[in-house]
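>>> Kindly return the folded structure for what I paste below:
(one chain, ligands or ions: 1)
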Amino acid sequence: MDPGISEQDDEKKKHTSVCVGREDDIRKLERMTAVVHDREVVIFYHKGEYHAMDIRCYHAGGPLHLGEIEDFNGQSCIVCPWHKYKITLATGEGLYQSINPKDPSARPQWCSKGVKQRIHTVTVDNGNIYVTLSEEPFKCDSDFYATGEFKVIQSSS
Ligand code: FES
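Presented below is the predicted three-dimensional model:
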């Protein structure tokens, strides 16, 4: 067998959608956790929308499923319970506040560090919630805690 083909098949399989639960349940609980192709994710239901992301915070692996959701600069964010980093639910961007040190009267401004937490796709079909892992090829900081030695759920293969 050609090992190249089998690797491609494995890669394709990682991006097939996986049923993680019922819509009724997540609407009640507003969040759930799941393992999708050996990757631990958290799914939030917030303001009528679903969002899925890697469960371990990009900063140091904090458990995002235990964080609170708050709005910052008009964006809904999960606040990591460990060091209070703010991550937008919609895009996975890390937000921080910055102030111009040369202007003491300036008010702090919200800024983005860029996408730090990998976001996955949530779809609903016939009352079931499905998650499809992100295929975005960029290296995301949260990959560190979702793969390799820091991964909580170890691959069965
Ligand atoms: Fe999440 Fe530090 S581990 S803020």
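>>> Got the confidence number for the residue nearest the centre of the chain?
Residue closest to the average C-alpha location in the chain (CA atoms, centre = their mean): M53, at 1.6 Å. Note on M53: pLDDT of 98.
>>> if I read this right, it contacts V41, doesn't it?
Yes - look at M53 against V41 with CB atoms under 8 Å: they come within range, at 6.6 Å. In short, each C-beta sits where N, CA and C put it, glycine included.
>>> Please name the bridge partners of the residue nearest to the centre of the chain.
Beta bridges link M53 to V42, I119 when assigned by DSSP bridges.
>>> mind checking the SS state of P137?
coil (DSSP: H, G, I helix; E, B strand; the rest coil).
>>> Would you check how far apart it and Y85 are?
24 Å (CB to CB, to the nearest Å).
>>> Between those two, which is the more surrounded one?
A direct count of neighbours by other CB atoms under 10 Å for P137 and Y85 places Y85 higher, at 23 against 5.
>>> Now for the residue lying closest to that one once chain neighbours are set aside: which residues touch it?
Leaving out its chain neighbours, the residue that sits closest to Y85 by CB to CB, 6 or more residues apart in numbering is H59, at 5.1 Å. H59 makes contact with 80, 82-83, 85, 141 under the criterion CB atoms under 8 Å, 6 or more residues apart in numbering.
>>> do I78 as well
I78 neighbours (CB under 8 Å, 6+ apart): 44, 53, 64, 67-69, 86-87, 89.
>>> Buried subset of those, written for PyMOL?
Per 16 or more other CB atoms under 10 Å, the buried members of these correspond to this PyMOL selection:
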select buried, resi 44+53+64+67+86+87+89
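>>> taking the contacts of I78 one by one, which sit in strands?
Per DSSP state E, strands hold the following members of the contacts of I78: 44, 53, 68-69, 86-87.
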